[in-house]
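Engineer: sequence? don't have it. structure:
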């Protein structure tokens, strides 16, 4: 790599450095490659290490870089799209569902969810926990809240918890006819549990997608899915559901 000195520019120096670094990432590095250490990078671009850190932090927020514990700073893969459509709907756990069931337990959901689930404040529901992995890294986690009334024939299932129980609950849920689903998206920050599951630090930015599954005129299930904001972007269309795809053009099946 050659030496590149920054000229005086009216914009903040770290912002101009971010642009220069972006060009270097596009032309000199491949996905997953480890960047040189901060001292070497600061010397190459003729900036203070504090300025370099600001630029690296901005690139991490934009999803161009990833800081991996015990590895260093690496070039991130292209962002994946969280596509929120409106025409086609499907129950979670269907044949084309990319989520992986992790666990299922009977728990009382957060108080804020009692009203949309149409349950008593102290009523326990089936809480299915699922995860989503792409290119070997966790990109999303989900908590799916299912009232007992939506899956009335579970008494014969022996497994009290675990992935097998989760899959059984989802199969039973799919017996109902899905009328529609409603999605809402908001920007949030990762709590301790989400940060651990997504391999991020607490407080890291995330996209929270809440989906209500409507059947028989009521909320049959409610999903709260948390996506890493550094690896995901929102796309809007009529593909339906919440999907992930790689790159700006390719759509997931």
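Structural biologist: Yes, it's here. Only a predicted model underlies this, so the values are computations on that prediction, with no experimental measurement involved.
Engineer: Contact partners for residue 166?
Structural biologist: 101, 102, 103, 104, 128, 129, 130 (Cβ atoms under 8 Å, 6 or more residues apart in numbering). For the C-beta atoms, the positions are set from N, CA and C on the backbone; glycine is no exception.
Engineer: pretty sure the third one contacts residue 167?
Structural biologist: It stands for residue 103. No - counting by Cβ atoms under 8 Å, residue 103 does not reach residue 167; the two are 10.8 Å apart.
Engineer: List the contacts of stretch 132-141.
Structural biologist: 77, 80, 98-100, 129-131, 142, 194, 197-199, 225-228, 231-232, 244, 246.
Engineer: Out of the residues you listed, name the ones that lie in strands.
Structural biologist: Cross-referencing those against strands under DSSP state E gives 80, 100, 129, 130, 131, 142, 225, 226, 227, 228, 232.
Engineer: among these, which ones are buried?
Structural biologist: Among the ones in strands among the contacts of stretch 132-141, those buried by neighbour count (16 or more other Cβ atoms under 10 Å) are 80, 129, 130, 131, 142, 225, 226, 227, 228, 232.
Engineer: low pLDDT regions in the stretch 51-200 of the chain?
Structural biologist: The stretch 51-200 of the chain contains residues with pLDDT under 70 at 79-88, 155-159.
Engineer: And the helices in it?
Structural biologist: Listed in chain order, the helices of the stretch 51-200 of the chain (DSSP state H, counting those that start in this stretch) span residues 114-117, 162-173, 192-198.
Engineer: Kindly present the ones you listed as TSV, with separate columns for distance to residue 207.
Structural biologist: Shown next, in TSV, are the helices of the stretch 51-200 of the chain (distance: least, Cβ to Cβ, whole Å):
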stretch	distance to residue 207
helix 114-117	19
helix 162-173	23
helix 192-198	11
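Engineer: can you tell which of these is closest to residue 60?
Structural biologist: When these are compared by Cβ to Cβ, helix 192-198 sits nearest residue 60, at 14.1 Å.
Engineer: Direction included, what does the helix or strand following that closest one pair up with?
Structural biologist: Going down the chain from helix 192-198, the next helix or strand is strand 205-215, by DSSP states H and E. Note on strand 205-215: by DSSP bridges, its sheet partners are strand 180-189 (antiparallel), strand 218-228 (antiparallel).
Engineer: how about those in a markdown table, adding distance to residue 171?
Structural biologist: Shown next, in a markdown table, are those (distance: least, Cβ to Cβ, whole Å):
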| stretch | distance to residue 171 |
| --- | --- |
| strand 180-189 | 18 |
| strand 218-228 | 13 |
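Engineer: most packed of those strands?
Structural biologist: Of all those, strand 218-228 carries the top mean neighbour count, a mean of 22, counting by mean count of other Cβ atoms under 10 Å.
Engineer: Figure out how far it is from the centre of its chain.
Structural biologist: Its chain's C-alpha centre and that of strand 218-228 lie 13 Å apart, by Cα atoms, centre = their mean, to the nearest Å.
Engineer: relative orientation of it and helix 162-173 in degrees?
Structural biologist: 140 degrees (axes from the mean of the first three to the mean of the last three Cα atoms, to 10 degrees).
Engineer: From the chain's centroid, how far away is the lengthiest helix in the chain?
Structural biologist: In terms of residue count, the longest helix belonging to the chain (DSSP state H) is helix 13-28. Distance of helix 13-28 from its chain centroid, counting by Cα atoms, centre = their mean, is 26 Å.
Engineer: Give the rounded mean pLDDT of it.
Structural biologist: Averaging pLDDT along helix 13-28 gives 87.
Engineer: residues of that helix that come out buried?
Structural biologist: Neighbour counts over helix 13-28 (16+ other Cβ under 10 Å) mark 13, 14, 16, 17, 18, 21, 22, 24, 25 as buried.
Engineer: ok so, going back, tell me the buried residues within the contacts of residue 166.
Structural biologist: Applying 16+ other Cβ under 10 Å to the contacts of residue 166, the neighbour count classes 101, 104, 128, 129, 130 as buried.
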